[in-house]
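Enquirer: no FASTA, just this:
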């Protein structure tokens, strides 16, 4: 056997080896990518949101806006207090409610309610909202995010489980212009 | 001594590193580069090594769990002997590292060091700046307190604005639907494994190229960089009049690095560690989150951008900035190196420095944020109340009770979101004041639904008194004519 053919045989074996490793690589890449994207792929399918109770209606007197907290439906044992989420509940007239996310529609800072001037104000960049959640002033492009709610057995339930952000299609649908105060 | 020599020889026979190390250390560099201007790169590397050491020390105690991280930081601060000092060194080391990387970049830019053949060195340097900032941001998250929690919320809100992939980007960044344990764990992995790995790799390539291509020579006005001749010219510069890097140039690097380490230690002892601030409990909403020093300019910028321009600027701005930096050596790869003949380069640096400095300074004062407790904690100065009628004083009460003070200052007390009202009566007539209060506008909420007519009357009566004693309030001259009277309304 000549030297040349032996070298080309070795070269072919190297190529075959690289090819086999490529296939193994793809086999490994699929689970790795799926693992990395699991917050998007797996949980998205099931959905993060579910109906949660904010407590009895007696906690939310008519015409007032009160802070409420709930435990996020999807939590792990080591999440600590980060699983506790706050929201603002506005009892419009005992029949109609509005439940606002705590997060400013600008960049997500916690908005505070001022009952005297009927405004929500954000401490970060100075966004302000009226009592119905619509934008009053400052950098936000839209009103406060709202959760859908229902009343069952004298309790106020909201559909929550995901941090509302400006880019979310769901949040965009629920929020924005609503009944005027 | 002979024993040490023998042991050394024994190792060198096997490792064979002695000669290459000596050659590297003694490689010739242009005479003028043994300068105090050429010490920032090595100082940045020194900071990075300090960060590695202190980071490993912190990891001995720190618990990367959303439920425990804050407690473990408290233990580091108070429960472990000198834990506070290691935290302070790591925190101050990070600030110094970002600062020195920026100074190094400015020096390299002004000295034209990015020009042929050091384009790739510059590009890797830009990547090093990005990963350094990445370390700063992820490190701020690991200090898992209120600022970190809401800072993540801001990051998620920015990510969510990306078209189409926004919501998925948020879930990917947070590791789930909310900021929680998974979020901290992935930022821990980024801060401790991924980004440092990149940093080490980039530093390696960066240094290798500095050695292979040689340090940038001192720029002389008129000495033009040309692709055809540069390599030859540089070789002559180093081999004919060059000096060995060790020891002729390196002593300045060593001195400056030592000085920086001392400065970090002094800051750490004097100012102590950063935070942690309040517990990362999202139900505690009495908080005003602020980013760390090097992101303050961004914090300020975000409050000034017009709402409609914000999303495109947030998403496209950084990309444009990075592309400009990466493209720089290809656009200006040849020509004059000296800053004395590059006025636009100098002006660019000045403009960026003044811009970032101004924004950072503004972010220290946050004039755009309402002072949330001004209405209850900062009384109206007495001089605005002396000798006023009952109605006007009632108006002052409305001013406080309706939180006007949160956004408007009187005698420099109160918020600065809206204009100061010390002399508002000079600017607006009574009718204009009523309209502004009721309808808002110009970035002010409308108070029409929140004020009764009597409250509005009282408030405007008070606002009408806000003018210097020797100047009359603004009045609508045509009103008097239309009403057929010469007298303006008594107020």
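Expert: Thanks, I have it. Quick caveat, the model's predicted, so the values are computed rather than measured.
Enquirer: Quick check: next helix or strand after the one helix or strand residue B:147 maps to?
Expert: Element membership of residue B:147, judged by DSSP states H and E, is helix B:146-160. Remark: after helix B:146-160, the chain's next helix or strand is helix B:166-174, criterion DSSP H and E.
Enquirer: Which strands or helices does that next one pack on?
Expert: Applying 3 or more CB pairs under 8 Å, 6 or more residues apart in numbering or on different chains; DSSP states H and E, one finds that helix B:166-174 makes contact with helix A:38-46, helix B:146-160, helix B:181-189. Placement of C-beta: from N, CA and C, glycine included.
Enquirer: pLDDT at the closest residue to residue B:460 other than its chain neighbours, what is it?
Expert: In space, and not counting its chain neighbours, residue B:460 is closest to residue B:433: 4.8 Å by CB to CB, 6 or more residues apart in numbering or on different chains. As predicted, residue B:433 sits at a pLDDT of 93.
Enquirer: what's the distance between residue B:433 and chain A?
Expert: As judged by CB to the nearest CB, to the nearest Å, residue B:433 and chain A stand 17 Å apart.
Enquirer: what ranges do the strands span in chain B?
Expert: Using DSSP state E, the strands assigned to chain B run over residues B:28-29, B:224-225, B:243-244, B:335-336.
Enquirer: can I get those in CSV with mean neighbour count?
Expert: Putting the strands of chain B into CSV (neighbours: other CB atoms under 10 Å in any protein chain shown) gives the following:
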stretch, mean neighbour count
strand B:28-29, 20
strand B:224-225, 18
strand B:243-244, 16
strand B:335-336, 16
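Enquirer: Would you mind giving those as JSON lines with mean pLDDT and distance to residue A:134 added?
Expert: As requested, the strands of chain B are arranged in JSON lines below (pLDDT from 0 to 100; distance: least, CB to CB, whole Å):
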{"stretch": "strand B:28-29", "mean pLDDT": "92", "distance to residue A:134": "65"}
{"stretch": "strand B:224-225", "mean pLDDT": "92", "distance to residue A:134": "59"}
{"stretch": "strand B:243-244", "mean pLDDT": "92", "distance to residue A:134": "71"}
{"stretch": "strand B:335-336", "mean pLDDT": "92", "distance to residue A:134": "56"}
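Enquirer: could those go into CSV alongside distance to residue A:101?
Expert: Below are these laid out as CSV (distance: least, CB to CB, whole Å):
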stretch, distance to residue A:101
strand B:28-29, 59
strand B:224-225, 56
strand B:243-244, 65
strand B:335-336, 55
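Enquirer: returning to that earlier point: the residue nearest to residue B:460 - how many residues pack around it?
Expert: As a burial measure, residue B:433 scores 23 neighbours (other CB atoms under 10 Å in any protein chain shown).
Enquirer: List, one by one, the residues from the stretch 101-250 of chain B near chain A.
Expert: Within the stretch 101-250 of chain B, the residues that sit near chain A (CB under 8 Å from any CB of the partner chain) are B:149-150, B:153-154, B:156-162, B:166-168, B:170-172, B:174-183.
Enquirer: and residue B:415, how many neighbours?
Expert: 25.
Enquirer: Check residue A:135 too.
Expert: When neighbours are counted by other CB under 10 Å, residue A:135 registers 23.
Enquirer: Give me the phi and psi for it.
Expert: With angles defined as degrees, to the nearest 10, residue A:135 sits at phi -70, psi 130.
Enquirer: closest to residue A:51 out of the strands of chain B?
Expert: Set against residue A:51 and scored by CB to CB, the strands of chain B come closest in strand B:335-336, at 67.1 Å.
Enquirer: where along chain A do the strands fall?
Expert: According to DSSP E, the strands that chain A contains are A:50-56, A:65-71, A:84-91, A:97-101, A:112-114, A:119-121, A:128-130, A:135-137, A:146-147, A:149-152, A:155-160.
Enquirer: Need the contact partners of the longest one.
Expert: The set of residues external to strand A:84-91 that reach it, using CB atoms under 8 Å, 6 or more residues apart in numbering or on different chains, is A:54, A:57, A:60-72, A:97-102, A:110-111, A:113, A:120, A:131-133, A:144, A:147, A:156, A:158, A:160, B:178, B:281-283, B:285.
Enquirer: any idea how far residue B:307 is from residue B:81?
Expert: When distance is defined by CB to CB, to the nearest Å, residue B:307 is 51 Å away from residue B:81.
Enquirer: swap in residue B:140?
Expert: With distances taken as CB to CB, residue B:140 is found 26 Å from residue B:81.
Enquirer: Stretch B:300-320 near chain A at all?
Expert: Yes - using CB under 8 Å from any CB, stretch B:300-320 reaches chain A at B:302-303, B:305, B:307-308, B:310-311.
Enquirer: buried set for that stretch?
Expert: In terms of neighbour count (16 or more other CB atoms under 10 Å in any protein chain shown), stretch B:300-320 has its buried residues at B:300-303, B:305, B:310-311, B:314.
Enquirer: Over to stretch B:377-395?
Expert: Buried residues in stretch B:377-395, defined by neighbour count with 16+ other CB under 10 Å: B:378, B:380, B:384, B:392-395.
Enquirer: Return the residues in contact with the spatially closest residue to residue B:178 that is not a sequence neighbour.
Expert: Nearest residue to residue B:178, sequence neighbours excluded (CB to CB, 6+ apart): residue A:163, at 4.8 Å. The contact partners of residue A:163, taken as CB under 8 Å, 6+ apart, are A:103, A:108, B:153, B:156, B:170, B:174, B:177-179.
Enquirer: Adding neighbour count, distance to residue B:253 and pLDDT, write these out as CSV.
Expert: Converted to CSV, the contacts of residue A:163 look like this (neighbours: other CB atoms under 10 Å in any protein chain shown; distance: CB to CB, whole Å; pLDDT from 0 to 100):
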residue, neighbour count, distance to residue B:253, pLDDT
A:103, 28, 48, 94
A:108, 29, 44, 92
B:153, 25, 42, 93
B:156, 26, 41, 94
B:170, 29, 44, 93
B:174, 25, 42, 93
B:177, 23, 49, 90
B:178, 27, 47, 93
B:179, 31, 42, 95
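Enquirer: Now render those residues as CSV, adding distance to residue B:265.
Expert: Formatted as CSV, the contacts of residue A:163 follow (distance: CB to CB, whole Å):
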residue, distance to residue B:265
A:103, 40
A:108, 37
B:153, 34
B:156, 36
B:170, 40
B:174, 36
B:177, 43
B:178, 39
B:179, 34
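Enquirer: list the contacts for residue 131?
Expert: Picked chain A for this. Residue A:131 makes contacts with A:65, A:90, A:118-120, A:181, as judged by CB under 8 Å, 6+ apart.
Enquirer: you looked at the wrong chain, it should be chain B
Expert: So residue B:131 contacts B:195, B:198-199, B:202 (CB under 8 Å, 6+ apart).
Enquirer: That'll do, ta.
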